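*Asks:* Here is a sequence with its predicted model. Questions after.
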Amino acid sequence: MTGTIEEFKQLVDTEEFLQFFNLPYDEKFVNVNRLHILKKFSQYIREIDDNSPDLSAEEKLNQYSLALQKAYEVFLESTPHEQKLFKVFNDKPKNVVTLTEITSD
């Protein structure tokens, strides 16, 4: 990896992050899961920054690379609905009664 932390901070798209870290990826898979991958990646980055504030820039980028690979792999093995990263997956629909709420008296 030859990029710097300053270059990393300029990245925006999922593909840019994957290319920056030279990680192989399936373009079709990224097109479907990009927001979820980035959301999971941002959670991992926050954990790295919170748990290891004294890492050098190079160590931090190495950890970020592993985190992005892990975030990508999460959605190879799981669905966005199972991960529930976004509010829409956690909100209960209004005016809906689920089967688990129906009981017989």
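*Replies:* Cool, the structure landed. Residues are numbered from 1 along each chain as shown.
*Asks:* pLDDT on the biggest helix by length in the chain, on average?
*Replies:* If you go by DSSP state H, the chain has its longest helix at helix 27-51. For helix 27-51, the mean pLDDT works out to 93.
*Asks:* Not counting its own residues, what contacts that helix?
*Replies:* Here helix 27-51 makes contact (Cβ atoms under 8 Å, 6 or more residues apart in numbering) with 13-15, 17-18, 55, 60, 63-64, 67-68, 70-72, 74-76, 80, 83, 85-86. Quick note: C-beta positions are derived from backbone N, CA and C, even for glycine.
*Asks:* List the buried residues of it.
*Replies:* Judged by neighbour count using 16 or more other Cβ atoms under 10 Å, the buried positions of helix 27-51 are 30, 33, 36-38, 40-41, 44-45, 48.
*Asks:* And the helices in this protein?
*Replies:* Secondary structure of the chain (DSSP H): helices located at 5-9, 14-20, 27-51, 57-77, 80-83, 87-90.
*Asks:* that older thread, from the contacts of helix 27-51, list just the buried residues.
*Replies:* In those, the ones that pass as buried (16+ other Cβ under 10 Å) are 14, 17-18, 60, 63-64, 67-68, 71-72, 74-75, 80, 85.
*Asks:* ok, these vs T4, which is closest?
*Replies:* K60 (10.8 Å; Cβ to Cβ).
*Asks:* And the closest one, how far from L66?
*Replies:* Distance of K60 to L66, computed by Cβ to Cβ, to the nearest Å: 11 Å.
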